[in-house]
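Participant: Next one to model:
(2 chains)
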2 protein chains.
Amino acid sequence: MYLTKYFLPILKENPSEAQITSHRLMLRSGMIKQSSAGIYSWLPLGLKVLKKIEQIVIEEQVAAGHIPILMPTIQPADLWKESGRLNDYGSEMLRIEDRHGRGMLYGPTNEELVTDIFRSHITSYKDLPKTLFHIQWKFRDEVRPRFGVMRGREFFMKDGYSFDMDRESAIHSYNRHMISYLRTYERLGLQAIPMKADTGPIGGDYSHEFLVLAETGESEVFYDKKVTDSSLGERKIDYSDKQGIAAIVESFTQPYARTDETHDQNLFNKLPPERRLSARGIEVGQIFYFGTKYSESMNAEIVLPDGKRTFVEMGSHGIGVSRLVGALIEANHDDLGIIWPTPVAPFLAVIINLKHGDKKTEKVCEKIYENLVSAGLDVLYDDRDERVGVKFATMDLIGIPWQIIVGPRDLSEGFIELKFRKDGKRTRISFSDCSSELLNALRV
Amino acid sequence: MYLTKYFLPILKENPSEAQITSHRLMLRSGMIKQSSAGIYSWLPLGLKVLKKIEQIVIEEQVAAGHIPILMPTIQPADLWKESGRLNDYGSEMLRIEDRHGRGMLYGPTNEELVTDIFRSHITSYKDLPKTLFHIQWKFRDEVRPRFGVMRGREFFMKDGYSFDMDRESAIHSYNRHMISYLRTYERLGLQAIPMKADTGPIGGDYSHEFLVLAETGESEVFYDKKVTDSSLGERKIDYSDKQGIAAIVESFTQPYARTDETHDQNLFNKLPPERRLSARGIEVGQIFYFGTKYSESMNAEIVLPDGKRTFVEMGSHGIGVSRLVGALIEANHDDLGIIWPTPVAPFLAVIINLKHGDKKTEKVCEKIYENLVSAGLDVLYDDRDERVGVKFATMDLIGIPWQIIVGPRDLSEGFIELKFRKDGKRTRISFSDCSSELLNALRV
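Facilitator: Numbering: from 1, shown residues only, chains lettered A, B, ... in the order given. Below you'll find the predicted structure:
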């Protein structure tokens, strides 16, 4: 993409309404524009990141055997009467009346709708287990939306719903979700720690939130140093292996890790002092096995092998996709701007022309651009007629992992320069074989 | 995908609420489920088709140099007061009040929001031309929603907005849209004819609707036989070539083609009788150059090369993505069910096991499945314990282009069978080298 043909509206000033880093950087780098309180348009750069996150989330859900569907944003209020949540939900729910006076609402979550789909089509244990998920816009009418996409009103979320014939199978679904979430966060370049979560009036042990450590996190978190040493890494996951999956879950959840909501100081004190850590965390997902709460109220029954009928066991599992854009920035930035982890970077590299108007330099830039694009890489070319300082500042701000710096002086010696945004390290690359050497460097 | 692990809720009976073929077939084949009048959940099979269409639409817009953004579904009413459309829009607009009593609405279209983005960030001719598009859910509160996704209330639409410094450039944007739309429809396997459309109170010559011929179309259309002989085919398009693009547009729009709204019988009668055709058509897109209607009312000005200020020239260009799913079925079906054009088929092929429980047949099916999936093909495996007749009926209904039929009798002679859904033609393929022969056949 040639920058002069793109739409990258960089703000020079710090926007006064932004209280936290990610909000400030997203506005400054032209990723989003507020359209009303807590509601944003995603401009080209922001949309690219959002879509990359979405794609990784989808891939990991599909890998875990979960099935994509797409439920609408507008739901009938009647279904929420059945579940009893229409009044419970309070004024965070955006209630709507259509032209015929029918009660509708903008879905803040989808337990009712998915249970209705389930009960309309599935009646036997033979069709279980089944997890249906979707990634769709949700609305929660926050009284005081803030922090940009971190606590917006219209937000993009993956929510998955598991249906199982019994508790054992439901716990396996829960565990599958935990592992697929951990893998998702790792692929995004984030360490998210599963922490025991409050299960509210329903009770039970089966809810975890996933928290990313960041100074600006909304929750205080307490954890055993061991948890941050855990990672799935490259290990192959067999999602059909109940015991194997359970053992991995155990290894991640056995060490102490809780938010202020579930923190137990006595339990925490049993850890050796050097392993007791506390920090701030941003919630980026939650999984919850709640049994038959919705299947009972909405009458979603299945027939068991012995011919008896029972209410289907359910769980809800969510990842905040638009929120993750903010969380990723909170966890990856410096004074100059964003530092995108490569898997979610809007572009892998940017070509910076140090001398606008210099024919030879422009020609080399264009040639590099063509080479990289033909190799299937997603590259930006800063072809603006701007001072070099402005170009570097822009590219540091928007956080593209690699800067390919092309100027007449280096070129006259047969070189271009490659800068890695994260550590600022610069490498000279001989231009004669720039295609292969550059391609190798970028594919690190 | 193993069918027993999938979620494909086939209906045995014809749903009584469905008045047209596509609606009936989408319900029967488990592509959608209605959640309330004119609002649907997309079940796995339907979502796959929707996503494939979306992807083709995106690719062709990007190829034309248009830039993806994503605007929210909920818009502030204030912007529509500025443009003067808040009252004009009438009761098709879903109006909402948030918890603070602020006027909001579920966007039926996005001229206001995109003009607001434009005027906030672009002030100079130097940044033009620019076309911003998005694919987002829209809502129109139809008084009588019907025909399934063809006239739903919540629908998925690509809408693009072009911004140009003058009329000439704006007409080139218009022409770019026409060509990119024609290419999109062709890639989807549809012939859509551009027809002169009513420009309403704004006037001007620059609006075309795109209509797919189908018996169940909502409009009567009149056209010169020549238009159905036109196609872009494989020709390479250079979107920067104003004259070249204009010439292609001319070749598609010069022959007579109008809907009943703009039909001119006198003009039509000038055609030789054998070229005068009439039929029914389904609208699947519309492009419109309307000049400064919104830039004037919303004060979106740009500075010209001579330093003078002027209102930016705009156009709106839409493709109904969810509607296309229905239109594709209207144009591609027979008595047995849907016949998907390959580019939008939910799966390329299905493996049909003729003898459930037969170890050897199952093993071969699984091996074929593994081979095709490793080759990157998207394949369904009908591993259900069902009668052969039921399997064939299901697969004919859901319209997967290729059926790979595996049974013990053929296998004992070293063969499997390949059936093409569209013409029912069956070919025997020797099983020993099934990988390569089958792969070649499927890649036709």
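Participant: Touching, A:L418 and A:F431? I think so.
Facilitator: No: using C-beta atoms under 8 Å as the test, A:L418 is too far from A:F431 to be in contact (11.3 Å). Quick note: C-beta positions are derived from backbone N, CA and C, even for glycine.
Participant: Next, count neighbours for A:L442.
Facilitator: 18 (other C-beta atoms under 10 Å in any protein chain shown).
Participant: Roughly how far does it sit from A:T342?
Facilitator: 9 Å (C-beta to C-beta, to the nearest Å).
Participant: Could you name every residue contacting both of these two?
Facilitator: Common neighbours of A:L442 and A:T342 (criterion: C-beta atoms under 8 Å, 6 or more residues apart in numbering or on different chains): A:L348.
Participant: Which secondary structure state is assigned to A:A170?
Facilitator: Here A:A170 takes the helix state, with states given by DSSP: H, G, I helix; E, B strand; the rest coil.
Participant: Run through the residues that contact it.
Facilitator: A:162, A:164, A:289, A:291, A:313-315.
Participant: Not counting residues beside it along the chain, what's closest to the residue of the stretch 101-250 of chain A found nearest chain B?
Facilitator: At 3.7 Å from chain B, A:H121 is the closest residue in the stretch 101-250 of chain A, using C-beta to the nearest C-beta. Of all residues not flanking A:H121 in the chain, B:P9 sits nearest, at 3.7 Å (C-beta to C-beta, 6 or more residues apart in numbering or on different chains).
Participant: Can you lay out the contacts of A:A170 as a markdown table showing neighbour count, pLDDT and secondary structure?
Facilitator: Shown next, in a markdown table, are the contacts of A:A170 (neighbours: other C-beta atoms under 10 Å in any protein chain shown; pLDDT from 0 to 100; DSSP: H, G, I helix; E, B strand; the rest coil):
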| residue | neighbour count | pLDDT | secondary structure |
| --- | --- | --- | --- |
| A:S162 | 27 | 98 | strand |
| A:D164 | 24 | 98 | strand |
| A:Y289 | 25 | 96 | strand |
| A:G291 | 19 | 95 | strand |
| A:E313 | 24 | 98 | strand |
| A:M314 | 25 | 97 | strand |
| A:G315 | 23 | 97 | strand |
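Participant: Tabulate the residues you listed in TSV, adding columns for distance to chain B.
Facilitator: Converted to TSV, the contacts of A:A170 look like this (distance: C-beta to the nearest C-beta, whole Å):
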residue	distance to chain B
A:S162	13
A:D164	14
A:Y289	20
A:G291	22
A:E313	17
A:M314	15
A:G315	17
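Participant: biggest separation within these, which pair?
Facilitator: Spanning the widest gap among the contacts of A:A170 are A:S162 and A:G291, at 11.3 Å by C-beta to C-beta.
Participant: Overlap of the contact sets of these two?
Facilitator: A:170, A:314.
Participant: Determine the set of other helices and strands touching the lowest-mean-pLDDT helix or strand in chain A.
Facilitator: The helix or strand of chain A with the poorest confidence is helix A:434-442; it has a mean of 79 (mean pLDDT, DSSP states H and E). When contacts are defined as 3 or more C-beta pairs under 8 Å, 6 or more residues apart in numbering or on different chains; DSSP states H and E, helix A:434-442 packs onto helix A:359-374, strand A:402-406, strand A:415-420, strand A:426-430.
Participant: Out of these, flag the one nearest chain B.
Facilitator: Of all those, helix A:359-374 comes closest under C-beta to the nearest C-beta, at 12.6 Å.
Participant: Can you point out the buried residues in whichever helix or strand comes after the closest one?
Facilitator: The first helix or strand that comes after helix A:359-374 along the chain, using DSSP states H and E, is strand A:379-382. In terms of neighbour count (16 or more other C-beta atoms under 10 Å in any protein chain shown), strand A:379-382 has its buried residues at A:379-382.
Participant: Show the average pLDDT along strand A:379-382.
Facilitator: Confidence for strand A:379-382, expressed as mean pLDDT, is 98.
Participant: need the contact list for A:I287.
Facilitator: A:174, A:177-178, A:181, A:206-208, A:315-318.
Participant: got the buried residues of strand A:379-382 as JSON lines, with distance to A:G407 columns?
Facilitator: Output for the buried residues of strand A:379-382, formatted as JSON lines (distance: C-beta to C-beta, whole Å):
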{"residue": "A:V379", "distance to A:G407": "18"}
{"residue": "A:L380", "distance to A:G407": "17"}
{"residue": "A:Y381", "distance to A:G407": "14"}
{"residue": "A:D382", "distance to A:G407": "12"}
